[in-house]
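*Asks:* Build me a model:
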Amino acid sequence: MKNFLLILFCSALVISGCKIRTISDNKVPKDGVKKYERKSLNGETMETEEHYKNGQLVREVVRFDNKNLAYERYFRTDEHPTDSMRNYFRSGQLRLLLVMNDTNRVLMRGYYENGALEAYGDTATSIEYFDNGKKRSETMSKTGQIYKVVRWFRNGKKQEESEWWNDKRNGRWRQWDSAGNRIRNELYRNGTKID
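*Replies:* Below is the predicted model of the structure:
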C-alpha cells in the first residue's frame, strides 16, 4: 500500500507542475473546454484540458507530450455520483485507478507497466502483488485502524503476520524465513510484548 501512496503522491506532483501557459481563454467557461500547458517537475510539457458543464468542472485530462493520457479525472456532480481518477504510464498503459463513491468509499487498482495487477483494495482491505503475480502483502483494517497485516516472500512463502490497533502491535506477531521455518511467535498487548 505504501507503494501506491507513493505513486499517487508522485503522480499528483508530476501532474500539478508549477509553470502554466494558457492555450485558450483563461476564463472559466460555463460549458466547454479550457486548455493550457503545464511543465511537470521533470520539465516535460503536458497539455491539460478542463471540461465544464453549467460552470462546474466535470472532467480533467492531462496528456504527455506524445499525446498519450497521463491523467484523467471525473469529478463528482449531481449527474455523476462518483469521483474517479486514472493515472497512466507514458506508454499509455493504465497505472492506477481510484474511484470514490457517494459514501466516500475508495476503491483502488494499480498495475505494473506490463499490465499485471500490482495492487487492489478499498477502505477496508488492500492487496499488493509482486510483478511475478504472487501476493506481496495484504492489509485489513476496521474503522480506519489497521488490524492485520500479512506479507509474503517473492517465492510465495509467508514472511510475516501481525495484528495492530492504534498503530501498536496488539495480538500475535509471527515471522518465517524464506524456507518457511518460523523464526518469531510473540504476543503483544497495546505495543508491549507479553509472551
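*Asks:* After the strand or helix carrying Val33, heading C-terminal, what element do we hit next?
*Replies:* Assigned by DSSP states H and E, Val33 falls within strand 32-39. For strand 32-39, the following helix or strand on the C-terminal side (DSSP H and E) is strand 45-53.
*Asks:* Sheet-wise, list the partners of the strand holding Val33 with their directions.
*Replies:* Taking DSSP bridges as the criterion, strand 32-39 forms sheet pairs with strand 19-22 (antiparallel), strand 45-53 (antiparallel).
*Asks:* Least reliable of those by average pLDDT, please.
*Replies:* Of all the strands paired with strand 32-39, the minimum mean pLDDT falls on strand 19-22 (a mean of 36).
*Asks:* Can you tell me the element the residue nearest to Phe64 when sequence neighbours are not counted falls in?
*Replies:* Leaving out its chain neighbours, the residue that sits closest to Phe64 by Cβ to Cβ, 6 or more residues apart in numbering is Ala70, at 4.9 Å. The way it works is simple: take the backbone N, C-alpha and C, and place the C-beta from them, glycine included. Here Ala70 sits within strand 69-74, counting by DSSP H and E.
*Asks:* Could you list the paired strands of that strand along with their orientation?
*Replies:* strand 56-63 (antiparallel), strand 83-88 (antiparallel).
*Asks:* Pick the most buried one from those.
*Replies:* Among these, strand 83-88 has the highest mean neighbour count (mean count of other Cβ atoms under 10 Å), at a mean of 20.
*Asks:* Quick one: mean pLDDT over it.
*Replies:* Computed over strand 83-88, the average pLDDT equals 92.
*Asks:* okay, the angle between the helix or strand just after that strand and strand 83-88?
*Replies:* The helix or strand immediately downstream of strand 83-88 is strand 94-100, counting by DSSP H and E. Angle, strand 94-100 to strand 83-88, by axes from the mean of the first three to the mean of the last three Cα atoms, to 10 degrees: 170 degrees.
*Asks:* which other helices and strands contact strand 94-100?
*Replies:* Judged by 3 or more Cβ pairs under 8 Å, 6 or more residues apart in numbering; DSSP states H and E, the packing partners of strand 94-100 are helix 2-16, strand 83-88, strand 106-111.
*Asks:* so what's Arg189 up against?
*Replies:* Contacts for Arg189 (Cβ atoms under 8 Å, 6 or more residues apart in numbering) come out as Asn170.
*Asks:* Now with 10 Å, please.
*Replies:* Shown in contact with Arg189 (Cβ atoms under 10 Å, 6 or more residues apart in numbering): 165, 168-171, 195.
*Asks:* And Asn155, by the same measure?
*Replies:* Asn155 makes contacts with 130, 132, 134, 178-180, as judged by Cβ under 10 Å, 6+ apart.
*Asks:* what's the answer for Thr77, then?
*Replies:* For Thr77, the contact set (Cβ under 10 Å, 6+ apart) comprises 53-54, 56-59, 83.
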